[in-house]
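> What follows is a predicted structure for the sequence shown.
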Amino acid sequence: MDLHFGDSKPTDEERAAVDALLGPPESAWEGADRTDAELRWARGGREARDRRDLLLPGLHALNDRVGWISEGALDYLCRRLTVPPAEAYGVATFYAMFSVRPRPATVLHMCTDLACTAAGAGELCAEVEERLGPASGVSVERSPCLGLCERAPAALAIRAGDPVRTAVSAPATAEAAVLAARSPDSAAQEPPAARAVPQAGRDGLILLRRVGTVDPASLDDYRAHGGYAALRRAFELGPAGVIREVTDSGLVGRGGAAFPTGRKWQATAAQPDHPHYLVCNADESEPGTFKDRVLMEGDPYALVEAMTIAAYATGAHRGYLYLRGEYPRALRRLEHAIAQARARGFLGDDVLGQGYAFDIEIRRGAGAYICGEETALFNSIEGYRGEPRSKPPFPVEQGLFGRPTVENNVETLVNVLPILTMGAAAYAALGTARSTGPKLFCVSGSVARPGVYELPFGATLGELLELAGVRDGLRAVLLGGAAGGFVRPDELDVPLTFEGTRQAGTTLGSGVVMAFDDSVPLPRLLLRIAEFFREESCGQCVPCRVGTVRQEEALRRIADRTGPGAAPDIALLREVGRAMRDASICGLGQTAWNAVESAIDRLGAYE
């Protein structure tokens, strides 16, 4: 491998940021200040290439410290890891939260996605941009969903430095957003995670029962409320027994694909190739989704315990928690929980004295919706662009680092705890025969009480909206987020199960329920969905790369009412949508047309 470096040099601050992550360089080849002949050959190249997976953390270190990634800084990081600078540049430019061009140390991300758009984000952004002009030292960036939909509109300020400082403003006003950007330390404190759970403290909750009741920073409080009872039962059952319980419970993935969790675990555990890996997908970037954030902020030890159980059952000794970069409070809570669990013997070389070794490493995403796809997530962790892989081989055979890997999202993993404490039969008795257990729903938009709701599978959409207090003048409900589908106000008897929503011609997805009243312009909403998919397409496959652009163009023409009416563009949309659905590599392209199609066919959006 021939490496070509430029002549740019890192600043002392950039060098310090990389060295804080990787340690001091050991040779002139790695960038040490020496005048010997070491640059005639590379030493330790194989070892450095084995650290390629530290490229993303290295980019974060630079971006956090300086606010952007210069050519000299990128070259220095590449020397340390023996990564071709051209490849590293491709990775750095893949993520929306990084910049390879100079920008102010403070970046204010203003959400313009669906819930925030309905709450007036467009006007808010314009006012904030006017107040924070070019001389303010703040870069205002219009952002996809920040995962704060229950408090829309939302803003996130990030100020680079050592340490990096963040402030969330939600629901945001122009004054509050400007204050967060100018003085992150003076911004108003975020409300507790329980504020996002209207049912907090009520009897009968299973997944949310500790949110608002337990101190999320206290391991002792977590244990006093039943924490780690499930892990102790797992050790009593053994790996095969745990997988049998999960299988008998009927648990399926809560990320939208609904694949049986027990089958996935069994397939991974049976692989003779070692090591095995566990990956927790906490990169919930679907517009309208925020349930995993609430779980991680309000009950972080539950996720640590659930990951330990999943790893024990599948023979993994290393777990990666891939957390979206827009969740600073979840990051702090999880870092603290993992450190406490490690210090108290719940992680490490001998978990609970059982002779089982397991530890967790957090990897931060950097603003890429596509990394919610499992193989794109693996590529991101490994230090490559977060582009999906073709299947087969499947992750249970060749996943992270080419080894057998089990990947689950946060909600799926946390469901394992009640399965082990209450038993598979009791868990399976909840919900319906084909959709068992409780489900979390993210309700936002035109409702009086937005937030995360827990209901057993089988409750109807109307019952859920009644709990949330749907407002008068309901125009449509979007199920499943931007990749989901719309239903009409006269279809609220749809049962909230995977099979029930399929029969109704829509999808449950990850549990997004967004209500829109007649004050929200539907064509503008559909155009925002098209913009989202065009921006988030990784560009790897032609159907998605071209199709998402054509979809946005057609919707923009319809919205502007140019040309001979909407009919030709709607026909084009259908053709493009079929091509994306049939030929795209991953779910992004395959579902990019869903919401628009349902709005045209079910709501008569352009009639």
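Done, it's in. Please read these numbers as outputs of a predicted model, since none were measured by experiment.

> rest of the way, CA atoms for contacts and neighbours
Noted.

> Return the distance of residue 493 relative to residue 166.
Distance of residue 493 to residue 166, given as Cα to Cα, to the nearest Å: 42 Å.

> distance between stretch 420-431 and the chain's centre?
28 Å (Cα atoms, centre = their mean, to the nearest Å).

> Any stretches of the chain with poor pLDDT?
Low-confidence segments of the chain (pLDDT under 70): 1-3, 33-49, 562-564.

> please redo it, this time with the cut-off set to 80
Scanning the chain for pLDDT under 80 picks out 1-6, 27-49, 187-188, 561-565, 607.

> Of all residues in it, which one is nearest the centre?
residue 283 (1.6 Å; Cα atoms, centre = their mean).

> State the distance from that one to residue 411.
Taken as Cα to Cα, the span from residue 283 to residue 411 is 12 Å.

> what's the following helix or strand after the strand or helix carrying residue 516?
Per DSSP states H and E: residue 516 is located in strand 512-517. Next along the chain after strand 512-517, taking DSSP H and E as the criterion, comes helix 522-536.

> Now do the helix or strand just after that following helix and helix 522-536, the angle between them.
Later in the chain than helix 522-536, the nearest helix or strand by DSSP H and E is helix 542-560. On the basis of axes from the mean of the first three to the mean of the last three Cα atoms, to 10 degrees, helix 542-560 is oriented at 150 degrees to helix 522-536.

> what's helix 542-560 packed up against?
helix 522-536, helix 567-583, helix 587-591 (3 or more Cα pairs under 8 Å, 6 or more residues apart in numbering; DSSP states H and E).

> ok, back up a step: so residue 493 and residue 166 - more neighbours on which side?
residue 166 (23 against 13; other Cα atoms under 10 Å).

> so who does the nearest residue to that one once chain neighbours are set aside touch?
Of all residues not flanking residue 166 in the chain, residue 158 sits nearest, at 4.5 Å (Cα to Cα, 6 or more residues apart in numbering). Residue 158 makes contacts with 106-108, 164-167, 181, 184, as judged by Cα atoms under 8 Å, 6 or more residues apart in numbering.

> Scan those and report the most crowded one.
residue 181 (30 neighbours).

> Now do the SS call for residue 605.
coil (DSSP: H, G, I helix; E, B strand; the rest coil).

> so it touches residue 595, yeah?
No: using Cα atoms under 8 Å, residue 605 is not in contact with residue 595; the gap is 11.1 Å.

> So between the two, which is more surrounded?
residue 595 (23 against 15).

> in the helix or strand containing that one, what counts as buried?
Assigning secondary structure by DSSP H and E places residue 595 in helix 594-603. Going by neighbour count (16 or more other Cα atoms under 10 Å), the buried part of helix 594-603 is 594-600, 603.

> what does stretch 13-21 give?
So, applying 16+ other Cα under 10 Å, buried residues of stretch 13-21: 14-19.

> any idea how far residue 570 is from residue 487?
Separation of residue 570 from residue 487 (Cα to Cα) stands at 19 Å.

> Which one's more surrounded, these two?
Legend: neighbour count by other Cα under 10 Å for residue 570 and residue 487, higher for residue 487 (23 against 19).

> Do I have it right that that one meets residue 477?
Yes: counting by Cα under 8 Å, residue 487 touches residue 477, with 5.4 Å between them.

> can you give me the helices in the stretch 1-150 of the chain?
For the stretch 1-150 of the chain, helices defined by DSSP state H, counting those that start in this stretch occupy the ranges 12-22, 45-49, 55-66, 71-81, 85-92, 114-118, 121-131.

> Oops, could you answer that again for the stretch 401-550 of the chain instead?
Secondary structure of the stretch 401-550 of the chain by DSSP H, counting those that start in this stretch: the helices cover 410-422, 424-428, 461-468, 498-503, 522-536, 542-560.

> Just list what the fourth one packs against, helices and strands only.
Identification of packing neighbours for helix 498-503 by 3+ Cα pairs under 8 Å, 6+ apart yields no helix or strand.

> The residue lying closest to residue 591 once chain neighbours are set aside: how many residues sit nearby?
Spatial nearest neighbour of residue 591, excluding adjacent residues (Cα to Cα, 6+ apart): residue 483 at 5.2 Å. Applying other Cα under 10 Å, we find 25 residues neighbouring residue 483.

> circling back to that earlier point, and which of the contacts of residue 158 is nearest residue 146?
residue 108 (11.8 Å; Cα to Cα).

> If we ignore the residues flanking it in sequence, what's nearest that closest one?
Residue 108's closest residue in space is residue 157 (Cα to Cα, 6+ apart), at 4.3 Å.

> got the contact list for that neighbour?
Listed by Cα under 8 Å, 6+ apart, the contact set of residue 157 reads 106-109, 166-168, 177, 180-181, 184.

> nearest to residue 575, of those?
residue 109 (35.0 Å).

> Please name the residues that touch the closest one.
By Cα under 8 Å, 6+ apart, the residues touching residue 109 are 140-143, 155-157.

> thinking again about what came up before, from the contact counts, what lies against the helix holding residue 595?
On a contact count with 3+ Cα pairs under 8 Å, 6+ apart, helix 594-603 meets strand 485-487, helix 522-536.

> is it possible to export the ones you listed to JSON lines including distance to residue 549?
Converted to JSON lines, those look like this (distance: least, Cα to Cα, whole Å):
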{"stretch": "strand 485-487", "distance to residue 549": "20"}
{"stretch": "helix 522-536", "distance to residue 549": "6"}
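
> Quick one, which of the ones you listed gets closest to residue 116.
Nearest of the helices and strands packed on helix 594-603 to residue 116, taken as Cα to Cα: helix 522-536 at 10.7 Å.

> how near is residue 152 to residue 500?
Counting by Cα to Cα, the gap from residue 152 to residue 500 is 29 Å.

> These two: which has the busier surroundings?
Higher neighbour count among residue 152 and residue 500: residue 152, with 28 against 19, using other Cα under 10 Å.

> What distance do you get for that one to residue 492?
24 Å.

> And stretch 163-182, end to end?
Stretch 163-182 has an end-to-end distance of 16 Å (criterion: Cα to Cα).

> what comes into contact with that stretch?
Residues from elsewhere that reach stretch 163-182 (Cα under 8 Å, 6+ apart): 64-65, 106-108, 124, 127-128, 131-132, 138, 148, 151-159, 184-190, 328.

> Check those for burial and list the buried ones.
64-65, 106-108, 124, 128, 132, 138, 148, 151-159, 184, 187, 328.

> now, which of those lie within strands?
The strands, defined by DSSP state E, take in 106-108, 138, 155-159 from these.

> Out of these, which comes closest to residue 417?
residue 156 (32.5 Å).

> Setting aside sequence-adjacent positions, which residue approaches the closest one most closely?
With Cα to Cα, 6+ apart as the criterion, residue 156 has its nearest non-adjacent residue at 4.6 Å, and that residue is residue 168.

> Direction included, what does the strand or helix carrying that neighbour pair against?
In this assignment (DSSP H and E), residue 168 forms part of strand 165-169. Under the criterion DSSP bridges, strand 165-169 sits next to strand 155-159 (antiparallel) in its sheet.

> Okay, angle between the strand it pairs with and helix 121-131 too, please.
Put simply, strand 155-159 runs at 40 degrees to helix 121-131, going by the same axes, to 10 degrees.
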